[in-house]
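Asks: next come a sequence and a model predicted from it.
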Amino acid sequence: MKSRLIRCIAALTCLVSLMGADWRQFRGNNTDSVAVSDTLPTTWSEKENIAWKVPLKGRGLSGPVIVGDRVYITSSSGVGQTRLHVQCFSVKTGELAWERQFWATGRTQTHKKMCVATPTPASDGKRLFAFYSSNDLACLDLDGNLLWFRGLTHDFPNASNSLGMASSPVVVGDTVIVQVESDADSFSTGIDVATGVARWRKDRPRKVNWTSPAVLKTKSGETLALLQSSVGLSAVKPKTGEVVWSFDGGASTTPSCTVADGTVYVPSSGVTALLPQGKEKPKVVWKSGRLSPSTPSPLVYGGRVFAVNRAGALTAADAKTGDVVWQMRMQGPFTSTPVAAGGLLYFFNEKGLGQVVKPSEKAGEIVGTSPLEATILCSPAVAGNALYVRSDGHLWKISK
Amino acid sequence: MIARFATLAGVLVALVAASHTASAETPEALLKTLRSVGREGKGNVAASRAVRELSQADATILPTILRGFADSNPLAANWIRSAFETVAERELQKGGSLPRAELEKFLLNRKENPRARRLAFEWLVKVDPTVQARLVPGMLDDPSDELRREAVQQLTDQATVLKKDKKDKQAIALYRKALSGAVHDDQVKRIVEPLRQLGEKVDLQKQFGFLTSWQAVGPFDNKDKKGFDVAYPPEKKIDIKASYKGQLGKVAWTPVSTEQEYGIVDIAKSLMNYKGSAMYVTTNFQSDKARNVEIRLGTPNSWKLWVNGKLLFAREEYHRGMKIDQYRVDVALKPGRNVLLLKILQNEQTDNWAQRYQFQLRVCDGTGSAVLSQPTTTTSVLPSSSKSLVVKGSK
């Protein structure tokens, strides 16, 4: 019995360690933009710390996702960006393993800064869920075999936004959750990963919304999906869509909430920290108007909340009190949400300038700047001591 | 224990049998399963199995898969495409070849599905470098807009060289030829600019098939965006001689036309930017036969569209951008006169970027090629109102 238990623990440890090596969705497995055990270079250039760089097709703001020894990325191309791409590359060499294309079945109009491949794909470790602004959702196995395909605007023709959709899916258990929220038809839906059939579909506020769901692991061990909108935030059961609790204090429709140590940090009145109270209304721990996240979502790391404002100023606040601890000027503007790894924060501005910040108690210090000389709007991924970032035209693996 | 074993064995036998039965299905049957997928995941489970089986075949199946696109809905087309790509990619990765002759034959058959033909083209060019030069010149009027695009690009490139070499006459001829097949706005722009530099006139309204002469009536109330679901009198009956109680008093139909080359009818400029209002515009489209067309609309305002009294689409979205072909609506035209009615609504936003009150509407086929209203024996498609629109402050 004892040896069986030990074997189980060993297997679990191995599994957790393998999962930790992946970056399976927008802002990582826990939607918190934090890489737990990776060490990344602080500078890079064409000659240094770039393992490989590969060309991509068309356009893309979506981030890469990493599962095992493969990197997956989406793009859109063609007249009106009606062609949807999924590409899979080798982590080790950057070699293209496979590519699949689809025709958009929904509307493909976007703001010129955005494109149809704006949402980051997600994976449950066995399947890839490629989602696009056209609200097409393709599920493939990791070798590129189509498992199912959904056209959510094909099914619900008013579910679209003429400025483009950006919300990325998340996977919770065996449900993939997407927010399809616009001025016209607005809903979120939880889809069975095995069949592509909706377990639930719920009406949402009829207002454009570019935020992505986050995941919250509760004290009781349950995992909830957090759905943000202009109205506020709802915590829902992934299998049923049942709202467990909600916060109705309003929230941004661009940067998304994040979770750290059981507290939810919502871009609302600046940033508002919420402490879930079971099924009751969450407790507002603090609000800070001095934290003013623009497009990038806030990041919580090492007991600090970090937010970049429109002017490119990075503000660090105490995660427990919301008190601003320090501020520093960065070179913006930013669309990409930063990531944290190895005690450092990694930012890419829209011009492709990578800026690595070492946050200390009383100040932040830039310890590395590295240009990629390309427009970078995606949020990067971290896995296996490597940083993955993409422009429209290229995907880079940055590692020592 | 024995009973449990027997049950398990039974399940296994059933599974093997099911698997055997499934694998015995013909490619045509598997393709039929893929074509059966529908809204909200209908048919996904069966299609998932069918696409897996189809994808295991060798490259000789590719022409069959292409033929399977016939009458496929947009969802099914993606399933079928995936099977094709999986087979073709695997074949090339292992150093094999594609059935070029059959793919080319399929590509050249214009009766086949346009998207499937485009797919055949994309894979042919990977294995046959002569395809572009051999086949593209014949695609200028192709039923696939993406194949047309290739031919238009070739001609435009050739014309550009001629223009650079000061061979203006030949350049104009080639640009004109390219324009005859061009259906994408970016290509049209790249052709029209040099043509105009060479002193040529181009009628873009006709090129795209914009409808430019309308009758308009309004404003009706849309304060607090409540007018979207209110059926004002024009929704019940279009009577061009009628007058109605409007938002600001009595309103009557008045002619509105546009000379803007992209057919933009600007209500704010031609009439007035009535805040919180609904306007109706109507026109006739004369079709020589019963035919399926697309109505393509661009507007930053909310709208509803009826053709021959049937509501085709309604969209409540304000000021999220406007673009040519922003919305595409399938329409079955009847022979003779077809009556279009568009309800267009303005909200009460005060932001300077939220003041547009306009639309552009064209009729075209599936490629985007203009379908023009046929001339009628009368000079006007609609009787003109003898009265002007009653505007602000009128009672």
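Replies: The structure has been received and is ready for your questions.

Asks: next secondary structure element downstream of the worst-scoring helix or strand of chain B on mean pLDDT?
Replies: Ranking every helix and strand in chain B by mean pLDDT, DSSP states H and E puts helix B:2-23 at the bottom, with a mean of 46. Downstream of helix B:2-23, the next assigned helix or strand under DSSP states H and E is helix B:27-35.

Asks: touching chain A at all, that following helix?
Replies: No: judged by CB under 8 Å from any CB of the partner chain, helix B:27-35 stays clear of chain A, getting no closer than 9.9 Å. Using the backbone N, CA and C atoms, a C-beta is placed for each residue, glycine as well.

Asks: neighbours of B:Pro255, how many?
Replies: By the criterion of other CB atoms under 10 Å in any protein chain shown, B:Pro255 has 16 neighbours.

Asks: surely it is within a strand?
Replies: Yes: counting by DSSP: H, G, I helix; E, B strand; the rest coil, B:Pro255 is located in a strand.

Asks: so where is the chain shaky, pLDDT-wise?
Replies: As the question left the chain open, I've gone with chain A. Along chain A, the parts satisfying pLDDT under 70 run over A:1-20.

Asks: my bad, the chain I had in mind was chain B
Replies: Applying pLDDT under 70 to chain B picks out residues B:1-23, B:377-395.

Asks: wait, what's in contact with whichever residue of the stretch 251-400 of chain A sits closest to chain B?
Replies: Nearest residue of the stretch 251-400 of chain A to chain B, counting by CB to the nearest CB: A:Thr253, 12.7 Å away. Taking CB atoms under 8 Å, 6 or more residues apart in numbering or on different chains, we find A:Thr253 in contact with A:Lys207, A:Val208, A:Asn209, A:Trp210, A:Thr211, A:Gln228, A:Ser229, A:Ser230.

Asks: what residues does chain A put near chain B?
Replies: Residues of chain A lying near chain B (CB under 8 Å from any CB): A:78-80, A:98-103, A:105, A:107, A:109, A:111, A:136, A:138, A:144-151, A:154-155, A:157-158, A:161-163, A:182-184, A:191, A:195-198, A:208.

Asks: which among these count as buried?
Replies: For these, a burial check counting by 16 or more other CB atoms under 10 Å in any protein chain shown picks out A:78-80, A:98, A:100-103, A:105, A:107, A:109, A:136, A:138, A:144-151, A:154-155, A:157-158, A:161-163, A:182-184, A:191, A:196, A:198, A:208.

Asks: returning to that earlier point: buried subset of the contacts of A:Thr253?
Replies: Buried members of the contacts of A:Thr253, counted by 16+ other CB under 10 Å: A:Val208, A:Asn209, A:Trp210, A:Thr211, A:Gln228, A:Ser229, A:Ser230.

Asks: show me what contacts A:Val325?
Replies: Shown in contact with A:Val325 (CB under 8 Å, 6+ apart): A:Arg304, A:Ala316, A:Ala317, A:Asp318, A:Glu361, A:Lys362.

Asks: so the residue nearest to the last one when sequence neighbours are not counted bridges to which residues?
Replies: What that stands for is A:Lys362. Spatial nearest neighbour of A:Lys362, chain neighbours left out: A:Trp326 (6.0 Å); criterion: CB to CB, 6 or more residues apart in numbering or on different chains. When bridges are called by DSSP bridges, A:Trp326 pairs up with A:Ala316.

Asks: surely A:Trp326 and A:Gly364 touch.
Replies: Yes: counting by CB atoms under 8 Å, A:Gly364 is a contact partner of A:Trp326 at 6.0 Å.

Asks: give me the more crowded residue out of these two.
Replies: Neighbours were counted for A:Trp326 and for A:Gly364 using other CB under 10 Å; A:Gly364 has more, 21 against 15.

Asks: nearest spatial neighbour of the more buried one, skipping sequence neighbours?
Replies: Nearest one to A:Gly364, counting by CB to CB, 6+ apart, is A:Met328 at 4.5 Å.

Asks: sorry, back to before: could I get the contacts of A:Thr253 as a markdown table with distance to B:Asn78 and secondary structure?
Replies: Shown next, in a markdown table, are these (distance: CB to CB, whole Å; DSSP: H, G, I helix; E, B strand; the rest coil):
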| residue | distance to B:Asn78 | secondary structure |
| --- | --- | --- |
| A:Lys207 | 30 | coil |
| A:Val208 | 26 | coil |
| A:Asn209 | 26 | coil |
| A:Trp210 | 25 | coil |
| A:Thr211 | 27 | coil |
| A:Gln228 | 30 | strand |
| A:Ser229 | 30 | coil |
| A:Ser230 | 33 | coil |
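
Asks: if we can go back for a sec, helix or strand for the residue nearest to A:Gly364, just tell me which one.
Replies: A:Met328 is part of strand A:324-329 when elements are defined by DSSP H and E.

Asks: after that strand comes which helix or strand?
Replies: Following strand A:324-329 in sequence order, the next helix or strand is strand A:339-341 (DSSP H and E).

Asks: that following strand pairs with which strands?
Replies: Partners of strand A:339-341 in its sheet, by DSSP bridges: strand A:34-35 (parallel), strand A:344-348 (antiparallel).

Asks: picking up where we left off before, among the buried ones among the residues of chain A next to chain B, which are in strands?
Replies: Using DSSP state E to define strands, the subset of these located there is A:98, A:100-103, A:136, A:138, A:146-151, A:191, A:198.

Asks: closest one of those residues to B:Glu259?
Replies: Ranked by distance to B:Glu259 (CB to CB), those are led by A:Trp103 at 36.4 Å.

Asks: quick one: that closest one from A:Val79, how far?
Replies: 12 Å (CB to CB, to the nearest Å).

Asks: now swap in A:Leu56 and tell me
Replies: Counting by CB to CB, the separation of A:Leu56 from A:Val79 is 18 Å.

Asks: what's the answer for A:Cys139, then?
Replies: In terms of CB to CB, A:Cys139 sits 26 Å off from A:Val79.

Asks: what do you get for B:Arg52?
Replies: From B:Arg52 over to A:Val79 the distance is 32 Å, taken as CB to CB.

Asks: contacting residues for B:Gly96?
Replies: B:Asp58, B:Ala59.

Asks: list phi and psi for it.
Replies: The phi/psi pair for B:Gly96 (degrees, to the nearest 10) reads phi -80, psi -170.

Asks: over to A:Gly352?
Replies: phi 90, psi 10.

Asks: B:Lys126 is in contact with B:Glu89, isn't it?
Replies: No: B:Lys126 is beyond contact range of B:Glu89, at 9.8 Å (criterion: CB under 8 Å).

Asks: neighbour-wise, which of these two wins?
Replies: Neighbours were counted for B:Lys126 and for B:Glu89 using other CB under 10 Å; B:Glu89 has more, 18 against 12.

Asks: quick one: secondary structure of that one?
Replies: Classification of B:Glu89 using three-state DSSP returns helix.

Asks: and what about the nearest residue to A:Ala138 once chain neighbours are set aside, helix, strand or coil?
Replies: Nearest residue to A:Ala138, sequence neighbours excluded (CB to CB, 6+ apart): A:Ala130, at 4.6 Å. At A:Ala130 the chain is in strand, as set by three-state DSSP.

Asks: contacts only, for A:Val264.
Replies: Residues in contact with A:Val264, defined by CB under 8 Å, 6+ apart, are A:Ala214, A:Leu216, A:Leu226, A:Leu233, A:Cys257, A:Thr258, A:Ala273, A:Leu274, A:Leu275, A:Pro276, A:Pro282.

Asks: got the CA coordinates for stretch B:313-325 in CSV?
Replies: Output of stretch B:313-325 as CSV, limited to C-alpha atoms (Å, rounded to 0.1, in the frame of the first residue of the first chain):
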residue,chain,number,x,y,z
PHE,B,313,-31.2,40.6,-41.4
ALA,B,314,-31.1,43.0,-38.5
ARG,B,315,-28.1,44.3,-36.8
GLU,B,316,-28.0,46.5,-33.7
GLU,B,317,-24.5,47.9,-33.5
TYR,B,318,-23.5,51.5,-33.5
HIS,B,319,-20.2,53.1,-34.5
ARG,B,320,-17.9,50.1,-34.6
GLY,B,321,-16.5,51.0,-38.0
MET,B,322,-17.7,51.0,-41.7
LYS,B,323,-16.2,49.3,-44.6
ILE,B,324,-17.1,48.1,-48.1
ASP,B,325,-18.8,44.6,-48.0
